[in-house]
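> Sequence and predicted structure below; questions after.
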Amino acid sequence: MKLFWAPQTRSSRAVWMLEELGVDYAMELIDIRAKNREDSGEFHRASPMGKVPALVDGDVAMAESAALCLYLADRYSPGTLAPRVDDPQRGRFLYWLMYTPAVVEPAMSEKFNNVAPNRQRSGWGDFDTMIATWERTLGKDDWILGAEFSAADVMLGSSAIFLRMFDMLPASKALEAYADRCMARPAYQRAQARVS
Ligand SMILES: N[C@@H](CCC(=O)N[C@@H](CS)C(=O)NCC(=O)O)C(=O)O
């Protein structure tokens, strides 16, 4: 298995996911900041937009961090890091797995760029609703599905950590504690050691 990655990018969540699984993988650096970048055919097949993270696993070649976390969890940890397809928790799991790319990241971008929110028209609602929904769902639980950590927490946890990094995480005991819990996971720490 090979992960295409770059430092200080969303690649860190893919490395974290691989570390949670405890599988063997190689990492190939893509210099996304290089001026005249020439991507290999292998990378381009995995990531048609030339974005990281991207993964090649045998005949599977793919990108998009949420898709990648879902693929890895289903393939290497079914029933543990992803509820099985016939588990009633599966729907809730998919909702929260997709919350990062579908809701958190567009809402962050809107706020960061000072764009006027339009909660009903925008698919991501708005920043404050995004935070309030996440915080309310988490409640007093450790993880977004309750007591069990899942791939959805890799996506959401990395969002909480990015929000904190950009000074955008609102004063919220629940979300602060959630980010701390994610950062304390041994797999997260191993991943950090590999990407820094
Ligand atoms: N929605 C994608 C976003 C990936 C993305 O935008 N990656 C950035 C780094 S964080 C990138 O590769 N930028 C370089 C480029 O677009 O050429 C995901 O979640 O994987």
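The structure has been received and is ready for your questions. Note that this is a predicted model, so its numbers are computed, not measured.
> Name the nearest residue to the spatially most central residue of the chain, ignoring sequence neighbours.
Closest residue to the average C-alpha location of the chain: Met155 at 2.6 Å, with Cα atoms, centre = their mean. Nearest non-adjacent residue to Met155, counting by Cβ to Cβ, 6 or more residues apart in numbering: Thr100, 4.2 Å away. Where C-beta positions appear, they are placed from N, C-alpha and C, glycine not excepted.
> count of neighbours near that neighbour?
Here the count is done by other Cβ atoms under 10 Å, and Thr100 has 25 residues near it.
> Please enumerate the strands of the protein.
For the chain, the strands defined by DSSP state E occupy 2-5, 26-29, 54-57, 60-63.
> Which of these has the highest mean neighbour count?
Scoring the strands of the chain by mean neighbour count under mean count of other Cβ atoms under 10 Å gives strand 54-57 as the most buried, with a mean of 23.
> Just confirm yes or no for that strand near the ligand.
No. With Cβ under 6 Å from any ligand atom as the measure, strand 54-57 is seen stopping short of the ligand, the closest distance being 8.1 Å.
> what mean pLDDT would you report for stretch 181-196?
On average, the pLDDT along stretch 181-196 is 97.
> Alpha carbons of it, in PDB - could you do that?
Only the C-alpha atoms of stretch 181-196 are listed here, as PDB (Å, rounded to 0.1, in the frame of the first residue of the first chain):
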ATOM      1  CA  ARG A 181      -8.700  13.100  23.200                       C
ATOM      2  CA  CYS A 182      -7.900  12.700  19.500                       C
ATOM      3  CA  MET A 183      -4.400  14.100  20.000                       C
ATOM      4  CA  ALA A 184      -3.800  11.800  22.900                       C
ATOM      5  CA  ARG A 185      -4.400   8.700  20.800                       C
ATOM      6  CA  PRO A 186      -1.200   6.700  20.300                       C
ATOM      7  CA  ALA A 187      -2.000   6.300  16.500                       C
ATOM      8  CA  TYR A 188      -2.400  10.100  16.200                       C
ATOM      9  CA  GLN A 189       1.000  10.600  17.800                       C
ATOM     10  CA  ARG A 190       2.700   8.000  15.600                       C
ATOM     11  CA  ALA A 191       1.200   9.700  12.600                       C
ATOM     12  CA  GLN A 192       2.400  13.000  13.700                       C
ATOM     13  CA  ALA A 193       5.900  11.600  14.100                       C
ATOM     14  CA  ARG A 194       5.700  10.400  10.500                       C
ATOM     15  CA  VAL A 195       4.500  13.600   8.900                       C
ATOM     16  CA  SER A 196       6.700  16.100  10.800                       C
END
